[in-house]
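Undergrad: predicted model follows, preceded by the sequence.
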Amino acid sequence: MNGASQMETSLASDSAGVTAHQEETFGLGVYARRGLVLCRGENAFVWDAQGRRYIDCIAGHGSANIGHAHLAVTSAVVAQSMRLLACSNVFYNDIRGEYLRLLLSVAPDGLRRAFLCNSGTEAIEAAIKFARHVTGRVEIISTFRAFHGRTLGSLSATHNPAYRNGFGPLLPGVTFVPYNDSAALVKAISGETAAVVLEIVQGEGGVHVGTRDFLSTAARLCAARGALLILDEVQTGFGRTGRLFACEHFDLTPDILCLAKSIAGGLPMGAVLCSERITMPPGSHGSTFGGNPLCCAAAYATLQVLLNDDIPKAADEKGAYLGEILARLKSPRVREIRRLGLMVGIDLREKVKPYIEKLQEAGVLALPAGPTVLRLLPPLTIGYAELERVGTALEEVLHG
Ligand SMILES: Cc1ncc(COP(=O)(O)O)c(C=O)c1O
């Protein structure tokens, strides 16, 4: 650790209790906290206020696919911050134009234009609005266990009552079918359906991978019945599953693709990629910060890293490696391991919370996905040695 980092860590250590107190006192209290004060990150590691290092398999809730503080991103952010930070969407902007061009050059077939926003939930909100506007229909079909965000439109397409209760009435016209049940889709999609909204891998819902049959049935029926297919790749996008976009595994061409999380190396940003069918007149939608130059500069640098270093391929290989390590766990506590690329769910036969706490004590940060699933979303740039360390920590914790 260099001198500056040492000083930062000791200052932070003195103030760790103060920080926690401030957040507890002045924050609204909507987050269940873990007790840690994180002060620094580098690739797949984060450090707490006491200078303790953790392997970060949370990665900013999946927003740091290329690792923390990637030099390409930090230098792009510094350079852009000295040129232009705020630019209204009534004006064109150089980096925004460049980013749109680059993003659409690697987008799945048929996606030609994009609306830039600031988060995953906003991307879903926009997609629902676009679908209603374009089709003139109201009904949206979502799935059991789906998570699409917490603002009212996205929340309406989110299934878990724990997120929904107390906020109604939500949007009318939203129905849910069991995930991976193609027959249910056949019954549900009609001439009244504006859109079907799907995750390729359900993240918050427990890391359930979509089947080819289910996803292609959705695409086929949407096309046949005039509905739009909205794919929510907020969590699966930007290499997470071993392809730049998870829909590439299934040769799917959505009408709308929603992106966020790792789009801009950790900065807040979202994007809604649209096929030619989506036409929206001026004034029909907008955002003050959407396509902000700073975020576009970060997103441009992030996408270049993803492409130049072939990070999706690395995620595929590292995911397979981690999969082999996990297959050897053989703990009676493990019911099932589900994985696509470096998006991993370890479904336990018991509540997951104590194991997440023990892993944290062992120096590995992991997420839950529902009550029994331990979710790993490490940066895709994580080293093989760290993946082994994650395996060892899991072994200790699950057998202990
Ligand atoms: C699949 C999916 N969609 C939407 C969202 C909402 O994204 P945000 O938290 O950026 O609003 C999330 C967040 O976890 C997500 O996993």
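TA: That came through fine.
Undergrad: now the strands for the stretch 1-150 of the chain?
TA: In the stretch 1-150 of the chain, strands defined by DSSP state E, counting those that start in this stretch lie at 38-42, 45-48, 53-56, 111-117, 139-143, listed in chain order.
Undergrad: tell me, what's the model's pLDDT at residue 358?
TA: Per-residue pLDDT puts residue 358 at 98.
Undergrad: how about the residues of this protein near the ligand?
TA: By C-beta under 6 Å from any ligand atom, the residues of the chain that approach the ligand are 119-121, 124, 147-149, 199, 203-204, 232, 234-235, 260. In this view, the C-beta of every residue, glycine as well, is placed from N, C-alpha and C.
Undergrad: tabulate the residues you listed in JSON lines, adding columns for pLDDT.
TA: As requested, the residues of the chain next to the ligand are exported to JSON lines (pLDDT from 0 to 100):
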{"residue": "119", "pLDDT": "98"}
{"residue": "120", "pLDDT": "99"}
{"residue": "121", "pLDDT": "99"}
{"residue": "124", "pLDDT": "99"}
{"residue": "147", "pLDDT": "98"}
{"residue": "148", "pLDDT": "98"}
{"residue": "149", "pLDDT": "98"}
{"residue": "199", "pLDDT": "99"}
{"residue": "203", "pLDDT": "98"}
{"residue": "204", "pLDDT": "98"}
{"residue": "232", "pLDDT": "99"}
{"residue": "234", "pLDDT": "99"}
{"residue": "235", "pLDDT": "98"}
{"residue": "260", "pLDDT": "99"}
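Undergrad: filter these down to the ones in helices?
TA: 120, 121, 124 (DSSP state H).
Undergrad: what's around residue 353, how many residues?
TA: 13 (other C-beta atoms under 10 Å).
Undergrad: right, and it touches residue 368 too?
TA: Yes. If you go by C-beta atoms under 8 Å, residue 353 and residue 368 touch, sitting 6.7 Å apart.
Undergrad: buried sites along the host helix or strand of residue 176?
TA: Taking DSSP states H and E as the definition, residue 176 sits inside strand 174-177. By neighbour count on 16 or more other C-beta atoms under 10 Å, the buried set for strand 174-177 is 174, 176, 177.
Undergrad: the helices in the chain, which residues?
TA: 3-14, 16-26, 59-62, 71-81, 94-105, 120-135, 152-156, 161-164, 182-188, 212-225, 293-308, 311-327, 353-361, 384-399.
Undergrad: which elements pack onto the longest one?
TA: This points to helix 311-327. strand 334-340, strand 343-348, helix 384-399 (3 or more C-beta pairs under 8 Å, 6 or more residues apart in numbering; DSSP states H and E).
Undergrad: next, the angle helix 384-399 makes with the second one.
TA: Using axes from the mean of the first three to the mean of the last three C-alpha atoms, to 10 degrees, the inter-axis angle of strand 343-348 relative to helix 384-399 is 20 degrees.
Undergrad: spatially central residue for the chain, please.
TA: residue 235 (2.3 Å; C-alpha atoms, centre = their mean).
Undergrad: report pLDDT for residue 399.
TA: For residue 399, the model assigns a pLDDT of 88.
Undergrad: now do residue 330
TA: Value listed for residue 330 in the pLDDT field: 83.
Undergrad: hang on, the earlier thing: list just the nearest of the buried residues of strand 174-177 to residue 292.
TA: residue 174 (30.3 Å; C-beta to C-beta).
Undergrad: straight-line length of stretch 303-322, end to end?
TA: 24 Å (C-alpha to C-alpha, to the nearest Å).
Undergrad: what average pLDDT does that stretch get?
TA: 98.
Undergrad: flag the shaky bits of the chain, pLDDT-wise.
TA: 1-14 (pLDDT under 70).
Undergrad: and with 80 instead?
TA: The model of the chain has pLDDT under 80 over residues 1-14, 400.
Undergrad: so how far is residue 61 from whichever residue of it sits closest to the ligand?
TA: Residue of the chain nearest the ligand, by C-beta to the nearest ligand atom: residue 120 (2.2 Å). Remark: distance between residue 120 and residue 61 (C-beta to C-beta, to the nearest Å) = 10 Å.
Undergrad: intersection of neighbour lists for these two?
TA: residue 261 (C-beta atoms under 8 Å, 6 or more residues apart in numbering).
Undergrad: which of these two has more residues huddled nearby?
TA: residue 120 (30 against 14).
Undergrad: sorry, back to before: dump the strands of the stretch 1-150 of the chain to a markdown table, plus distance to residue 91 and mean neighbour count.
TA: Shown next, in a markdown table, are the strands of the stretch 1-150 of the chain (distance: least, C-beta to C-beta, whole Å; neighbours: other C-beta atoms under 10 Å):
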| stretch | distance to residue 91 | mean neighbour count |
| --- | --- | --- |
| strand 38-42 | 34 | 18 |
| strand 45-48 | 37 | 21 |
| strand 53-56 | 38 | 21 |
| strand 111-117 | 14 | 21 |
| strand 139-143 | 34 | 26 |
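Undergrad: with distance to residue 25 added, can I get those in TSV?
TA: As requested, the strands of the stretch 1-150 of the chain are exported to TSV (distance: least, C-beta to C-beta, whole Å):
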stretch	distance to residue 25
strand 38-42	19
strand 45-48	20
strand 53-56	25
strand 111-117	31
strand 139-143	37
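Undergrad: among these, which is nearest residue 297?
TA: strand 111-117 (12.6 Å).
Undergrad: neighbouring strands for that closest one, and are they parallel or not?
TA: Partners of strand 111-117 in the sheet, by DSSP bridges, are strand 270-275 (antiparallel).
Undergrad: tell me, how many residues neighbour residue 18?
TA: Neighbours around residue 18, by other C-beta under 10 Å: 11.
Undergrad: kindly report the same for residue 398.
TA: Residue 398, neighbours per other C-beta under 10 Å, totals 19.
Undergrad: for it, which non-adjacent residue is spatially closest?
TA: residue 331 (4.0 Å; C-beta to C-beta, 6 or more residues apart in numbering).
Undergrad: pretty sure that neighbour contacts residue 396?
TA: No. Contact criterion C-beta under 8 Å: residue 331 and residue 396 do not qualify, at 10.6 Å.
Undergrad: now residue 345: how far from residue 185?
TA: Residue 345 is 23 Å from residue 185, by C-beta to C-beta.
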